[in-house]
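Peer 1: Take this sequence and fold it.
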Amino acid sequence: MVLLLVVEGKKPQQVRDFVKVEAALTELDASGPHSYASLTHQDGSYVQVAGGKQKCLIEKRDITSNTHWRAHLATARSRSATPHVLTFGGGQMTLAEDEVFTIDEVISIWRSFFDKEPFTTDIAWRDVTDMLR
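Peer 2: Now for the predicted structure:
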């Protein structure tokens, strides 16, 4: 199986091994030249991430149902009245408390997507299709 890996500021590449994907993800940095990436299956479904290290946003596109989803934790880590603002090469987004992920969590989610395996039960998906239209 070959997937398309696109990283901001780099040439898109076809990948067969998750090792290359993981290496690209660990290089992401919200304030650097590589602040977002996407990984696309041959059917057009994809996952994308913005940010890096300790503050990332993850979304996925399901081509079959023509829907767009944002990942969130089934249970938020903490409660904060202060919104999380993620500034990266693609712009700026305000994240809910339960939408903030570390790069290690991103790697785990992307591994599931890469392998076409179910996502872990601590991850839930919020339908944001209408918000993006």
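
Peer 1: what's the biggest helix by length in the chain in contact with?
Peer 2: As assigned by DSSP state H, the longest helix anywhere in the chain is helix 103-115. Residues from elsewhere that reach helix 103-115 (C-beta atoms under 8 Å, 6 or more residues apart in numbering): 3, 18, 21-22, 25-26, 28, 39, 41, 47, 49, 52-54, 56, 58, 60, 71, 101, 117-120, 123. Using the backbone N, CA and C atoms, a C-beta is placed for each residue, glycine as well.

Peer 1: Tell me which helix or strand comes right after it.
Peer 2: strand 123-127 (DSSP states H and E).

Peer 1: List the buried residues for that following strand?
Peer 2: Under the neighbour-count criterion of 16 or more other C-beta atoms under 10 Å, strand 123-127 has Ile123, Trp125 buried.

Peer 1: Over to stretch 95-114?
Peer 2: Neighbour-count burial for stretch 95-114 [16+ other C-beta under 10 Å]: 95, 97-101, 103, 105-107, 109-110, 113-114.
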